[in-house]
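Engineer: Sequence and computational prediction follow.
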Amino acid sequence: MASKLLRAVVLGPPGSGKGTVCERISRSFGLQHLSSGQFLRESLGGGGAEAGALAQQYLERGLLVPDHVITRVMMTELEKRREQPWLLDGFPRTLRQAKALDGICEPDLVISLNIPFETLKDRLSARWVHPASGRVYNMDFNPPQVQGVDDLTGEPLVQREEDRPEAVAARLRTYKDAAKPVMELYRSRGILHSFSGTETNKIWPYVYTLLSSRIPPVLPDEEH
Ligand code: G5P
Ligand code: MG
């Protein structure tokens with residue numbers, strides 16, 4: 001069924017809520033959530049994988065990894081899912097990446113999260129993660145049940161190097177420069193939908209409505 005093969009992309013600066021929104025979309029609409037940052041972090045634990053070793057230096061500083069590295073990682077994952085609907089979180093982030101993605105499949109729908117700089121800085125410094133699973137918490141917005149530990153495993157949470165203030169400012173600058181032509185490309189195709197605000201919970205109903213017009217929900221929008 002054509003609607004089941006929806007391919008969507010969520011764009012947004014670091015901390016804009018891509019992961020949070022994608023998780024909700026994935027639960028409500030059954031799309032597979034594919035996070036480029038998560039794939040990169042997994043490849044770091046991959047025992048000397050070339051892409052992993054290279055990526056680590058960039059990840060630690062909150063810089064974009066080179067296009068060919070991330071593109072190879074993402075193309076491998078997307079090739080495995082040729083016949084499936086998906087939702088990309090964090091890819092493409094540059095024009096080159098967008099062109100590489102077009103080579104596999106042009107996205108049907110692009111969601112852009114437009115969040116003020118101050119809000120992003122506050123959020124990122126309150127973020128803690130469970131490294132093994134990639135589960136993300138926020139001490140204000142989405143705290144763990146017990147402070148400092150993962151809800152499911154009870155293992156300790158850590159703060160990513162890239163969430164320190166200097167790294168955050170650098171990430172936001174890099175993002176803006178690289179993302180502009182990507183947004184222009186998708187805008188020119190008429191598939192870009194931008195959502196502005198300071199709270200994911202307020203943006204979410206609009207995202208839900210947009211997605212509902214394209215694909216039947218598997219879960220009603222009441223749990224969020
Ligand atoms: P990632 O993993 O893609 P970023 O930097 O793009 O990382 P990040 O930091 O994961 O994005 P996000 O997914 O946009 O942010 O946002 P999130 O995690 O859902 O929310 C951020 C925090 O705010 C969370 O704690 C969340 O709970 C909280 N929050 C959400 N909504 C609200 C709200 O309404 N209110 C409040 N108070 N809090 C809220 O990429 C990591 C690195 O990988 C490399 C780069 O080095 C990158 O830095 N990389 C790539 N490099 C090149 N090209 C690519 N395509 C790459 N992809 C990844
Ligand atoms: Mg994320």
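Structural biologist: Looks like it came in fine. Ligands and ions are numbered 1, 2, ... in the order given.
Engineer: For this protein, which helix or strand comes out least confident on mean pLDDT?
Structural biologist: helix 50-61 (a mean of 73; mean pLDDT, DSSP states H and E).
Engineer: name the helices or strands packed onto that helix?
Structural biologist: helix 36-44, helix 67-79 (3 or more Cβ pairs under 8 Å, 6 or more residues apart in numbering; DSSP states H and E). Just so you know, the C-beta spots here come from the backbone N, C-alpha and C atoms, and that holds for glycine as well.
Engineer: Check those helices for me: which has the lowest mean pLDDT.
Structural biologist: For the helices and strands packed on helix 50-61, mean pLDDT drops lowest on helix 36-44, to a mean of 86.
Engineer: Quick one: check that one for contact with ligand 1.
Structural biologist: Yes - counting by Cβ under 6 Å from any ligand atom, ligand 1 has neighbours in helix 36-44: 36-37, 40.
Engineer: May I ask which helix or strand encompasses K180?
Structural biologist: According to DSSP states H and E, K180 maps onto helix 165-188.
Engineer: With H193 instead?
Structural biologist: Going by DSSP H and E, H193 is in strand 192-196.
Engineer: Need the residue closest to the centroid of this structure.
Structural biologist: Per Cα atoms, centre = their mean, the C-alpha nearest to the average position across the chain is that of D89, at 2.9 Å.
Engineer: For this structure, give the residue positioned nearest to ligand 1.
Structural biologist: G37 (1.8 Å; Cβ to the nearest ligand atom).
Engineer: give the contact list for the closest residue to that residue other than its chain neighbours.
Structural biologist: Spatial nearest neighbour of G37, chain neighbours left out: G90 (5.1 Å); criterion: Cβ to Cβ, 6 or more residues apart in numbering. By Cβ atoms under 8 Å, 6 or more residues apart in numbering, the contact set of G90 is 18, 35-37.
Engineer: Alright, that wraps it up for me.
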